[in-house]
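Participant: This is a predicted model, with the sequence first.
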Amino acid sequence: MKKSKILMPVMAFVMAIGLAFANKANVQSAGWINLDGVATQLNDDPCNGTGFSCRVTFEDDEQERIFTVYTNQSLQTPKPSSSLSPHSLPEMPD
């Protein structure tokens, strides 16, 4: 009986710690682009809304390319946006 009085609170404490690390928040990345064949993560998230595929341009890009923004590093699913025109970002990611 004495062991169960100590064991139950210890087990509850261990379970609470375990569950605290089991919760994975839904973290949204800023988006990914295909930069010269390499998946590159954006620093800012210009995309919001739905209806169109999100596209970006960079002010410091001499070639003035338009990049499609994807939801993850695999570059398979375009990120949605409410704007048909590309969003302009100040500088290209590193």
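Facilitator: Great, that's in hand.

Participant: contacts and neighbour counts: CA atoms only from here.
Facilitator: Will do.

Participant: Now do the contacts for the residue nearest to the spatial centre of the chain.
Facilitator: Nearest to the geometric centre of the chain sits Ser29, at 1.4 Å (CA atoms, centre = their mean). Counting by CA atoms under 8 Å, 6 or more residues apart in numbering, Ser29 makes contact with 45, 71-72.

Participant: Just the buried residues of these.
Facilitator: 71-72 (16 or more other CA atoms under 10 Å).

Participant: Just the closest of the contacts of Ser29 to Ile6, please.
Facilitator: Ranked by distance to Ile6 (CA to CA), the contacts of Ser29 are led by Asn72 at 46.9 Å.

Participant: And the contacts of stretch 87-94?
Facilitator: Outside stretch 87-94, the residues touching it (CA under 8 Å, 6+ apart) are 40-43, 46-47, 54-61.

Participant: switch the cut-off to 7 Å
Facilitator: 42-43, 46, 55-60 (CA atoms under 7 Å, 6 or more residues apart in numbering).

Participant: how about that stretch: buried residues?
Facilitator: So stretch 87-94, judged by 16+ other CA under 10 Å, has buried residues 87, 89.

Participant: Could you work out the end-to-end span of it for me?
Facilitator: End-to-end distance of stretch 87-94 (CA to CA, to the nearest Å): 18 Å.

Participant: tell me the mean pLDDT over that stretch?
Facilitator: Averaged across stretch 87-94, pLDDT comes to 84.

Participant: again, but for stretch 32-51
Facilitator: 88.

Participant: Repeat that for stretch 5-21.
Facilitator: 85.

Participant: do stretch 58-66 as well
Facilitator: 91.

Participant: Quick one: residues in contact with it.
Facilitator: Against stretch 58-66 from outside (CA under 7 Å, 6+ apart): 55-57, 88-92.
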